[in-house]
Every structure is written in C-alpha cells, then in structure tokens.
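Visitor: Structural data only, the sequence is not supplied:
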C-alpha cells in the first residue's frame with residue numbers, strides 16, 4: 001500500500017484491496033488492460049513502436065485496403081488519433097496510402113516491406129507477452145478466458161431498466 005501524504009489515506013497497490021479479487025470486474029479489466037499495454041509498450045520500445053502503432057499496423061496487415069475510419073473502429077481509437085498514427089507510419093516508410101478509384105476521400109492503406117518486417121518483429125515480442133499472460137493456465141482455463149472475453153466484448157451490457 002502507498003500513502004498519499006496530502007490526504008493521509010492508503011491507496012492499495014494492484015492486486016490489493018478493491019484493486020484485487022474483491023474489486024469491480026470492470027475496473028479489474030481496465031487494470032489488466034493497462035498492465036498489458038505497459039508490457040507491450042516496453043516490449044516494443046527499442047523498436048520505436050507504440051502499442052497503438054502496433055495495433056494499427058496489425059489491422060492494416062490483417063485487412064488489406066482498410067480505411068482509416070475502419071482502423072479506428074477496430075483499434076478502438078479516435079479517427080484523429082488514427083490519422084496521426086497513419087501519418088507518422090507513412091512518414092517513417094512503414095505504410096503507404098492510395099487514393100480509391102471510386103471514393104476520392106477513402107485512402108486504402110497497406111504496409112510497406114519495411115512495415116511488414118517491423119510488424120514481424122513486433123509480433124514475435126507480443127507472442128512472448130501472450131505466452132506470459134497464459135502461463136499457469138490449463139488449456140480449459142485459457143479457452144474459458146478467451147470465450148468469456150469475447151462474450152463480454154460482443155454482449156450488450158447496457159442497463160435495460
């Protein structure tokens with residue numbers, strides 16, 4: 001626990017108190033997501049790639065010709081953030097945009113050879129992170145966890161009352 005000198009209150013560390021197993025599930029998911037993001041950022045830091053850049057490159061590679069708006073939806077980032085990330089990746093020679101022959105404002109994107117090579121390095125590092133995430137889980141536990149996370153992501157959690 002850490003002490004906040006201004007208010008003399010104890011703030012639990014991750015895994016303690018309400019930040020532990022007794023905490024709200026939504027908060028625990030956010031806390032876990034934040035830990036994964038920090039792990040990815042550290043794993044990719046020396047490559048000069050941020051977690052959002054890795055997400056964008058992954059989506060562009062997975063869905064050739066995807067637009068910026070589609071990447072924003074898939075990566076769960078704002079269109080403005082995607083625009084900045086894409087501009088930086090393009091500037092660094094990691095992706096290229098083309099003008100759509102049917103929709104002048106839509107610019108399908110694809111990774112360059114340099115972008116593909118960089119993505120391969122990033123994937124190797126994130127595979128190791130994924131392996132650490134599931135370390136200690138049985139195959140059944142991993143299946144359940146994956147199934148539950150997808151179910152949460154696709155379920156309408158809005159209160160109907």
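Guide: Nice, I can see it. Treat the numbers as computed from the prediction; the structure is a model and nothing was measured. Numbers count the residues shown, from 1 in each chain.

Visitor: C-alpha only now, for contacts and for neighbours.
Guide: Will do.

Visitor: Between the two ends of stretch 64-79, how far is it?
Guide: Its start and end residues considered, stretch 64-79 measures 18 Å (C-alpha to C-alpha, to the nearest Å).

Visitor: Can you check the pLDDT for residue 89?
Guide: For residue 89, the pLDDT comes out at 96.

Visitor: and it, what does it touch?
Guide: Contact analysis of residue 89 by C-alpha atoms under 8 Å, 6 or more residues apart in numbering lists 53, 95.

Visitor: For residue 83, see how far away it is.
Guide: Remark: distance between residue 89 and residue 83 (C-alpha to C-alpha) = 10 Å.

Visitor: surely residue 125 meets residue 46?
Guide: No: Residue 125 lies out of contact with residue 46 (C-alpha atoms under 8 Å); the separation is 11.4 Å.

Visitor: Those two: which has the busier surroundings?
Guide: Set side by side, residue 125 and residue 46 give different neighbour counts by other C-alpha atoms under 10 Å, the larger being at residue 125 (15 against 9).

Visitor: element containing the more buried one, please.
Guide: Secondary-structure assignment from DSSP states H and E places residue 125 in helix 113-134.

Visitor: could you say what helices and strands that helix packs with?
Guide: Contact here means 3 or more C-alpha pairs under 8 Å, 6 or more residues apart in numbering; DSSP states H and E; on that basis helix 113-134 packs against helix 25-44, helix 51-62.

Visitor: ok, and what's touching the longest one?
Guide: By C-alpha under 8 Å, 6+ apart, the residues outside helix 25-44 that reach it are 14, 19-20, 49-51, 122, 125-126, 129.
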